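Asker: Below are the sequence and a predicted model; questions follow.
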Amino acid sequence: MATQCTYIKPNKEKCRGYAVSGSKYCFAHDPTQASKRKAAQRKGGEAGRVATLPESSLSVRNMSDVLELMELTINDVRAGRLDVKVANAIGYLANVSVKVIQQTDIEARLEALESVLEPERAAYIQRRRAA
């Protein structure tokens, strides 16, 4: 049966942790575990960090820019230079960019068509009014 840690906290409360095998203290209070405890704290701190990329001036204004971004991202993931979570976020944002680029293209094409058709429309309306 596991024994309870014998460490007494500064507020005079007894630690509720279980003692490490062969010790009267838990992992958090065992003086012989100090180096392992520091390593675990360091590892825990690193695990919580948000992965970031260096600043980039890569523009994402057309489909070939999006393709270039995806190529770089895929290669960085495969080489282990980029965390998969960051790559997923880049993929999502690239998908949003594609939709914006497509919408912008449709709007530009519609505007061009309307500018060509507007004189014909105006002439048609004038002929109807004259009739």
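Answerer: Right, received. Where do you want to start?

Asker: which ones are touching the nearest residue to Ile8 once chain neighbours are set aside?
Answerer: The spatial neighbour of Ile8 that comes closest, neighbours along the chain excluded (CB to CB, 6 or more residues apart in numbering), is Lys14 at 5.9 Å. In short, each C-beta sits where N, CA and C put it, glycine included. Under the criterion of CB atoms under 8 Å, 6 or more residues apart in numbering, the contact list for Lys14 reads Gln4, Cys5, Thr6, Tyr7, Ile8.

Asker: Distance check, the second one against Asn75.
Answerer: This means Cys5. Remark: distance between Cys5 and Asn75 (CB to CB, to the nearest Å) = 50 Å.

Asker: More neighbours: the two, which one.
Answerer: Looking at Cys5 and Asn75 with other CB atoms under 10 Å, you find the greater number of neighbours at Cys5, namely 21 against 11.

Asker: was I right about that one contacting Gln33?
Answerer: No: shown here, Cys5 and Gln33 do not form a contact pair, counting by CB atoms under 8 Å, at 11.6 Å.

Asker: which neighbours do those two share?
Answerer: Both Cys5 and Gln33 are in contact with Tyr25, where contact means CB under 8 Å, 6+ apart.

Asker: tell me how far the lengthiest helix in the chain is from the chain's mean position?
Answerer: Selection of the longest helix in the chain by residue count, based on DSSP state H, yields helix 84-130. For helix 84-130, the separation from the chain centroid amounts to 30 Å (computed by CA atoms, centre = their mean, to the nearest Å).
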